[in-house]
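Enquirer: coordinates only, no sequence provided:
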């Protein structure tokens, strides 16, 4: 290693990081669908990344880093399969099939495998993680980690639970998969509807986690999965609604400082993606069914983005949509958002009255309260509320915005 240049080491590290960031879910799906063992797939992929960091600085980054990682990881899987301890615990039918049954690879062999060309493997793994035998509380978090590659820390933050709690939940779920020998196959059409809700939640969670922070480069992954899933299901309104929601959210996504939606410059939004998202929303509405959570959230995004055409936000339409959303999905977040909209559609004091109780540990509750107090002219109270929101904020860009607003209101 002494003769390897620092530039080669950095190039290898950067290539490995890019593969992990952009392709982790695809790689793991290929390994898991071939072996039927999620924990072994994770361990094997981790060892492949370790080997890459050891070998690539001297040998050079391969032309197909993902294919190289798959080949090394599968060699590790075969080694485990061949070990006496493993063979003693493998079902008879797997002994009969031999190691080749684990590969599920094209005839051309591992060297011809391009994991970027087989995205449906991830959908197989998503639906596998939604198996009824898995703890319902762990299904969506398991998808976020095992299929989409997010860390337990990122997932815990999204669920507002301590990282050790989430990590233990994920470990138990993986053990359950191994004990139950859950098959890594997509259920038939009769089985997909009962498994669909947690799968939709996982894609939604992917979009939410990648909105800001270190995972920004994966934002397009949620869009791809949402549209692919909706196309697969064809006539499922909430799947098309989620595709609309993710697409419309991406249409206004820009790097840089945090800017609230109603303060953004609509000329910077992506008109093509807005049209695409609206077309998906029409497909969701075409079923004639009562709108679900994702359809209402997508419609809210569409009203916001219509400001690009009209120059104004229709706050009364927003109030109607949020009222319906609270009826369908009465979360603390939706009720806080409704209070914010009431404050814009009616008056700041009306919005303050509509704020739900019990939000003292919820950052958006304090941020909304602060904004409403500021608009009501209650500067001292607004400053105090902004301070609470700042203390509960983990996002540096959001914190910077809140600190600026606090300075502006004085008090």
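Expert: Nice, I can see it. Predicted model only: the values in this text are computed from it and were never measured. Numbering: from 1, shown residues only.

Enquirer: next helix or strand past the helix of greatest length in the chain?
Expert: With DSSP state H setting the assignment, residue counts place helix 6-35 as the longest helix in the chain. Using DSSP states H and E, the helix or strand that follows helix 6-35 in sequence is helix 38-59.

Enquirer: contacts for that next one next, please.
Expert: Where contact means Cβ atoms under 8 Å, 6 or more residues apart in numbering, the residues beyond helix 38-59 that reach it are 1, 3-4, 8-9, 11-13, 15-16, 19-20, 24, 27-28, 31-32, 35, 62, 65, 68-70, 72-74, 76-77, 80, 146, 174-175, 177-178. C-beta here means a position set from N, CA and C on the backbone, and glycine is covered the same way.

Enquirer: do that again at 6 Å, thanks
Expert: Helix 38-59 has contacts (Cβ atoms under 6 Å, 6 or more residues apart in numbering) with 4, 8-9, 12, 16, 27-28, 31-32, 35, 69, 72-73, 76-77, 146, 174, 177-178.

Enquirer: just stretch 280-295 next, same as before
Expert: Residues from elsewhere that reach stretch 280-295 (Cβ under 6 Å, 6+ apart): 237-238, 240-245, 298, 302, 328-329.

Enquirer: endpoint to endpoint, it covers what distance?
Expert: Terminal residues of stretch 280-295 are spaced 10 Å apart (Cα to Cα, to the nearest Å).

Enquirer: and it, how far out from the chain middle?
Expert: Taking Cα atoms, centre = their mean, to the nearest Å, one finds stretch 280-295 lying 21 Å from the centre of the chain it belongs to.

Enquirer: what of stretch 262-270?
Expert: Relative to its parent chain, stretch 262-270 has a centroid offset of 24 Å by Cα atoms, centre = their mean.

Enquirer: in the chain, what spans have low per-residue confidence?
Expert: 1-2, 33-36, 84-121, 182-189, 212-219, 411 (pLDDT under 70).

Enquirer: what residues go with each domain of it?
Expert: 1-100, 119-211, 219-233+240-255+265-313, 333-411 (automatic domain parsing).

Enquirer: nearest to residue 319, of those?
Expert: Across the domains of the chain, residue 319 has its closest neighbour in domain 333-411 (4.6 Å, Cβ to Cβ).

Enquirer: looking at the domains of the chain, which is nearest to residue 324?
Expert: The nearest among the domains of the chain, by Cβ to Cβ, is domain 219-233+240-255+265-313 at 5.5 Å.

Enquirer: is it possible to get JSON lines of the domains of the chain that adds mean neighbour count and distance to residue 324?
Expert: Formatted as JSON lines, the domains of the chain follow (neighbours: other Cβ atoms under 10 Å; distance: least, Cβ to Cβ, whole Å):
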{"stretch": "domain 1-100", "mean neighbour count": "17", "distance to residue 324": "33"}
{"stretch": "domain 119-211", "mean neighbour count": "19", "distance to residue 324": "18"}
{"stretch": "domain 219-233+240-255+265-313", "mean neighbour count": "19", "distance to residue 324": "6"}
{"stretch": "domain 333-411", "mean neighbour count": "18", "distance to residue 324": "10"}
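
Enquirer: any chance of the ones you listed in a markdown table, plus distance to residue 320?
Expert: Putting the domains of the chain into a markdown table (distance: least, Cβ to Cβ, whole Å) gives the following:
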| stretch | distance to residue 320 |
| --- | --- |
| domain 1-100 | 37 |
| domain 119-211 | 22 |
| domain 219-233+240-255+265-313 | 10 |
| domain 333-411 | 9 |
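
Enquirer: excluding its backbone neighbours, what's nearest residue 150?
Expert: Excluding its sequence neighbours, the residue lying closest to residue 150 (Cβ to Cβ, 6 or more residues apart in numbering) is residue 144, at 4.8 Å.

Enquirer: what helix or strand is the residue positioned nearest the centre of the chain on?
Expert: Centroid-nearest residue in the chain, with Cα atoms, centre = their mean: residue 206, separated by 0.6 Å. Here residue 206, judged by DSSP H and E, is contained in helix 192-209.

Enquirer: next, the angle from that helix to helix 6-35.
Expert: Put simply, helix 192-209 runs at 170 degrees to helix 6-35, going by axes from the mean of the first three to the mean of the last three Cα atoms, to 10 degrees.

Enquirer: and the gap between the residue nearest to the residue nearest to the centre of the chain when sequence neighbours are not counted and residue 361?
Expert: In this structure, residue 206 finds its nearest non-sequential neighbour in residue 222, 4.1 Å apart by Cβ to Cβ, 6+ apart. Note on residue 222: its distance to residue 361, by Cβ to Cβ, to the nearest Å, is 27 Å.

Enquirer: try residue 64
Expert: Residue 64 is 47 Å from residue 361, by Cβ to Cβ.

Enquirer: likewise residue 159?
Expert: From residue 159 across to residue 361, the span is 14 Å (Cβ to Cβ).

Enquirer: how about residue 206?
Expert: Residue 206 sits 25 Å away from residue 361, going by Cβ to Cβ.

Enquirer: residues contacting residue 370?
Expert: 382, 385-386, 389.
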